[in-house]
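S.K.: give me coordinates for this.
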Amino acid sequence: MDNYLSDVTFYMRERDDSIEGNPFKWVYKTTKDLFAGKKVVIFGLPGAFTPTCSTQQLPLYEQMYHEFMDAGIDEIWCTSVNDAFVMFQWAQHQGVTNVKMLPDGNGAFADSLGMLVDKQNLGFGKRSWRYSMLVDDMKIVRLFEEPGYMSNCPVDPYECSDAMTMLEYIKTGTGYGD
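M.R.: Next comes the predicted model:
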């Protein structure tokens with residue numbers, strides 16, 4: 001993995017009140033559009049509406065959002081190999097208002113990070129491995145990758161990509177494995 005985010009295009013939906021009925025339009029944003037000049041936390045997970053992602057990882061980042069902002073973070077992004085429609089509905093279902101959702105429907109972002117895995121054993125196809133990272137102006141400062149990275153992993157580890165580990169690292173410069 002490179003020390004900088006690769007140039008990837010995301011297919012996103014953006015609200016446009018000039019459109020009647022379904023007031024959203026397709027927009028294409030790159031990693032530079034979203035992350036250049038910002039200090040952000042990005043966390044990747046296997047899938048929207050899945051158990052650990054929905055009951056632990058996303059909710060904790062949402063709950064601790066203001067602590068991250070107080071620690072100097074500009075934005076928090078949740079990404080998954082899901083399309084924009086699924087990510088939007090998942091955020092609505094979870095009551096997410098602060099964490100931004102980043103659809104990686106083609107898995108290009110996860111692949112650019114070396115985090116794309118096969119989960120055919122669960123019927124998921126290609127998905128993101130679980131991780132979190134601190135990014136400052138496109139530079140990956142710290143990556144917390146869950147242990148045991150492998151395709152068709154029989155378990156779904158969740159030990160170090162959580163909000164508490166990331167916030168501790170931001171505040172102290174140390175964390176899981178340091």
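S.K.: when you work out contacts or count neighbours from here on, use the C-alpha atoms and nothing else.
M.R.: Will do.
S.K.: can you pull out the helices in this structure?
M.R.: Taking DSSP state H, the helices of the chain run over residues 31-35, 51-52, 58-63, 65-70, 84-94, 108-112, 163-172.
S.K.: and those: which comes nearest Val155?
M.R.: For the helices of the chain, the distance to Val155 is smallest for helix 51-52, at 11.5 Å, taking CA to CA.
S.K.: before we move on, back to that, ranking the helices of the chain by mean pLDDT, which is last?
M.R.: When the helices of the chain are compared by mean pLDDT, helix 51-52 comes last with a mean of 92.
S.K.: from the contact counts, what lies against that helix?
M.R.: The contact analysis (3 or more CA pairs under 8 Å, 6 or more residues apart in numbering; DSSP states H and E) places helix 51-52 against no helix or strand.
S.K.: any idea how far the closest residue to Lys126 other than its chain neighbours is from Tyr149?
M.R.: In space, not counting the residues next to it along the chain, Lys126 is nearest to Asp118; the distance is 4.5 Å by CA to CA, 6 or more residues apart in numbering. In this view, Asp118 and Tyr149 are 11 Å apart by CA to CA, to the nearest Å.
S.K.: Ala91 too?
M.R.: Going from Ala91 to Tyr149 by CA to CA gives 26 Å.
S.K.: which one's more surrounded, those two?
M.R.: Shown here are Ala91 and Tyr149; by other CA atoms under 10 Å, Ala91 has more neighbours (21 against 15).
S.K.: OK, contacts around the more buried one?
M.R.: Thr97, Met101 (CA atoms under 8 Å, 6 or more residues apart in numbering).
S.K.: residues touching the residue nearest to Lys126, list them.
M.R.: Contacts for Asp118 (CA under 8 Å, 6+ apart) come out as Phe124, Gly125, Lys126, Arg127, Ser151, Asn152.
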